[in-house]
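> no sequence on this one, just coordinates:
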């Protein structure tokens, strides 16, 4: 009985082992399938998240670019308005100077017109024996005429002292002039005929409107 029972136990053990191996392979297959599904699901989740993050970055870049463009446009409009106001003020001062000069010329012309009349009347009434009186009348206009001609020389004298006023250069407003002075550009001469060091300093203002013609405008202002 013992000999017959032994083979049956071996068969049972082999059968159990075979079933165990079969079950292990099935479990391993199920685990692999589950891992594959997990990877697929993870990829499906990560892809939309990556896409969303990319869209957020693109939106942020677009908004930053739009903001910078709008800011630059507003600054250009402000500079144009500032330059326009300065040009109008400059034109107004030039017109006022012209009017003052015209008034001075008219007054001088009227004065010169009245002097010969007063000089000729005594000449008609005075006898030929009094030439000294004629000479005295003739000397008076000659002495006063040089005094009238000295007025334009006094008007042009302050121009040499205005080299430090950078706003005289077309395209430079008060704010830009202050920045240039802080950077070391304190004279119109440095803009008109810049040295190597001045060129480096002026390069910081290369983005301002009219920078290409700034040197020419400075030479006109000298």
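Great, that's in hand. Note that the structure is predicted; figures quoted are calculated from it, not measured. Numbering: from 1, shown residues only.

> Report all helices and strands that the longest helix seen in the chain contacts.
If you go by DSSP state H, the chain has its longest helix at helix 2-125. Judged by 3 or more CB pairs under 8 Å, 6 or more residues apart in numbering; DSSP states H and E, the packing partners of helix 2-125 are helix 131-149. C-beta here means a position set from N, CA and C on the backbone, and glycine is covered the same way.

> Model confidence score at the residue nearest the centre of the chain, please.
In the chain, the centroid-proximal residue (CA atoms, centre = their mean) is residue 208; its distance is 3.2 Å. In this model, residue 208 is scored at 85, pLDDT.

> three-state assignment of it?
Three-state call for residue 208 (DSSP: H, G, I helix; E, B strand; the rest coil): coil.

> Quick check: closest non-adjacent residue to it.
residue 176 (6.4 Å; CB to CB, 6 or more residues apart in numbering).

> count of residues packed around that neighbour?
By the measure other CB atoms under 10 Å, the count of residues near residue 176 is 18.

> Now do stretch 36-51: everything it contacts.
Residues from elsewhere that reach stretch 36-51 (CB atoms under 8 Å, 6 or more residues apart in numbering): none.

> So for that stretch, mean pLDDT?
87.

> swap in stretch 72-84?
Across stretch 72-84, the average pLDDT comes to 91.

> let's number from 422 now, not from 1
With 422 as the first residue, the last one maps to stretch 493-505.

> so how far is that stretch off the chain centroid?
Put simply, stretch 493-505 sits 9 Å off its chain's centre (CA atoms, centre = their mean, to the nearest Å).

> Stretch 448-461 too?
Centroid separation for stretch 448-461 versus its chain: 64 Å, with CA atoms, centre = their mean.

> Which helix or which strand is home to the residue nearest to residue 629?
helix 595-604 (DSSP states H and E).

> So for that helix, mean pLDDT?
Mean predicted confidence for helix 595-604 is 91.

> Check which helices and strands whichever helix or strand comes after that helix is in contact with.
Counting by DSSP H and E, the next helix or strand C-terminal to helix 595-604 is helix 609-613. For helix 609-613, the contact count by 3+ CB pairs under 8 Å, 6+ apart identifies helix 617-623, helix 635-642 as packing neighbours.

> Show me what helix 609-613 is in contact with.
584-587, 589-590, 606, 619, 622-623, 635-636, 639-640, 642-643.

> what about 7 Å?
The contact list for helix 609-613 (CB atoms under 7 Å, 6 or more residues apart in numbering) reads 584, 587, 589-590, 606, 619, 623, 635-636, 639-640, 642-643.

> Repeat that for stretch 622-637.
Contacts for stretch 622-637 (CB under 7 Å, 6+ apart): 497, 500, 590, 592, 597, 601, 604-606, 612-613, 615.

> Apply 8 Å and report the result again.
497, 500-501, 504, 590-593, 597, 600-601, 604-606, 611-615, 638.
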